[in-house]
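> sequence and predicted structure, then a few things I'm wondering about:
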There are 2 protein chains.
Amino acid sequence: MENKNQVYIGTSLDGFIADENGGLEWLDMVPNPNNEDMGYYVFMDKIDALVMGRTTFETVIGFDVDWPYKKPVFVLSSSLGEIPNSHQGKAFLVNGTLEEVLEQIHSQGHHSLYIDGGKTIQGFLKEDLIDELIITVLPVLLGGGFPLFGSMKDKLEFELIESKVHLGQLVQLHYKRKRG
Amino acid sequence: MENKNQVYIGTSLDGFIADENGGLEWLDMVPNPNNEDMGYYVFMDKIDALVMGRTTFETVIGFDVDWPYKKPVFVLSSSLGEIPNSHQGKAFLVNGTLEEVLEQIHSQGHHSLYIDGGKTIQGFLKEDLIDELIITVLPVLLGGGFPLFGSMKDKLEFELIESKVHLGQLVQLHYKRKRG
């Protein structure tokens, strides 16, 4: 099985994934009367598991909705003692280096991974461990907040696979890492 | 005449307009054998004048090419004493608040302006003085450098006018400020 780490995320035009207060309302700034899913379900169908940090995990738990994932969620955290009872069997705590974590997840048969959350994505990018990026750009400058990308020592080149406009306003950019 | 302040610029996927060393080589990372201009000449034709900061002005002067602009260039600077002799009559020093500077430029009959350079663009955006953004996104994460966007107190919503792919790899996003 080919191992593949993928990002699927929405950002503001200035590259933030949440505003200064962690707010996400701006993600719904463009009316979506027919609940267009923008390729999310096709993407979720293709992945075997999710990997996210504690912040994203706790944000999702905090949403006033049922647990939204049908695939196992691996929570990267050294500070979270354990997964709350309510989410046992759905979410699994992992820690160690990213290499160790990936080995552990792959050994359980999960090869196509959805890497989610700012810090986690930045950590994976720093070690050049992201293979595909699907970024949906919203038409707003937030002016501050939690950035999608962080500083890196080396530049990383990508190849544009596709660019699509959703709802007339959201530009979805699909990139594949260009290696070698 | 309608006054219009426009940005036309290339950025990395992580929002930088120059790398850590001010380098711009990555702007040529995608082969362009037929010298596609990506709408630059049509854009330059429509504007009456350019407004840029000292850094951008000195960068352009430093390029090993002839002066590239047919339109007057207003250089926003309080530190530059005067425009070098070589560029008198082509570039003009302006200073004061952006409001004062714009009044001065408009009064000379220049209404459609190309606002260029990171700090200048950020200054204009902070005062909500940008009407259109044409941003060409290159498929690379630089990991650091000079950012296109800076922090702002208020968020600014835009409307997507068009999204185009150039050379199969560069995504050009055209936005209009959504006001009121």
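That came through fine.

> identify the residue spatially nearest to residue A:111, adjacent ones excluded.
With Cβ to Cβ, 6 or more residues apart in numbering or on different chains as the criterion, residue A:111 has its nearest non-adjacent residue at 4.2 Å, and that residue is residue A:1. Backbone N, C-alpha and C define where each C-beta goes, glycine included.

> give the buried residues for the helix or strand bottoming out on mean pLDDT in chain A.
Every helix and strand of chain A was ranked by mean pLDDT, DSSP states H and E. The lowest is helix A:54-62, at a mean of 91. Using 16 or more other Cβ atoms under 10 Å in any protein chain shown as the burial criterion, the residues of helix A:54-62 that qualify are A:54-57, A:60.

> what packs against the very next helix or strand once past it?
The helix or strand immediately downstream of helix A:54-62 is strand A:73-76, counting by DSSP states H and E. Using 3 or more Cβ pairs under 8 Å, 6 or more residues apart in numbering or on different chains; DSSP states H and E, the elements in contact with strand A:73-76 are strand A:49-53, helix A:54-62, strand A:91-94, helix A:98-107.

> for chain A, which segments count as helices?
Assigned by DSSP state H, chain A shows helices spanning A:40-46, A:54-62, A:98-107, A:118-126.

> any idea which of these is most buried?
Neighbour counts (mean count of other Cβ atoms under 10 Å in any protein chain shown) averaged over each of the helices of chain A peak at helix A:118-126, with a mean of 20.

> just want the most central residue of chain A.
Among the residues of chain A, the one closest to the centroid is residue A:116, at 2.4 Å (Cα atoms, centre = their mean).

> so it touches residue A:49, yeah?
No. Applying Cβ atoms under 8 Å as the test, residue A:116 and residue A:49 come out as separate, 10.9 Å apart.

> tell me how far residue A:21 lies from residue A:138.
17 Å (Cβ to Cβ, to the nearest Å).

> check which residues of the longest strand along chain A are buried.
Longest among the strand segments of chain A by residue count, using DSSP state E, is strand A:156-166. For strand A:156-166, burial by neighbour count (16+ other Cβ under 10 Å) applies to A:156-158, A:160, A:163.

> next: stretch A:88-97.
Neighbour-count burial for stretch A:88-97 flags A:91-92, A:94 (criterion: 16+ other Cβ under 10 Å).

> return the closest of the residues you listed with respect to chain B.
Closest approach to chain B among these (Cβ to the nearest Cβ): residue A:94, at 25.1 Å.

> just list the residues touching that closest one, thanks.
When contacts are counted by Cβ atoms under 8 Å, 6 or more residues apart in numbering or on different chains, residue A:94 touches A:51, A:74-76, A:101, A:104-105.

> possible to save these as CSV with distance to residue A:169 and pLDDT?
Formatted as CSV, the contacts of residue A:94 follow (distance: Cβ to Cβ, whole Å; pLDDT from 0 to 100):
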residue, distance to residue A:169, pLDDT
A:51, 30, 98
A:74, 33, 98
A:75, 33, 97
A:76, 33, 96
A:101, 36, 97
A:104, 40, 97
A:105, 35, 98
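
> closest to residue B:169 among those residues?
Closest approach to residue B:169 among the contacts of residue A:94 (Cβ to Cβ): residue A:51, at 28.2 Å.
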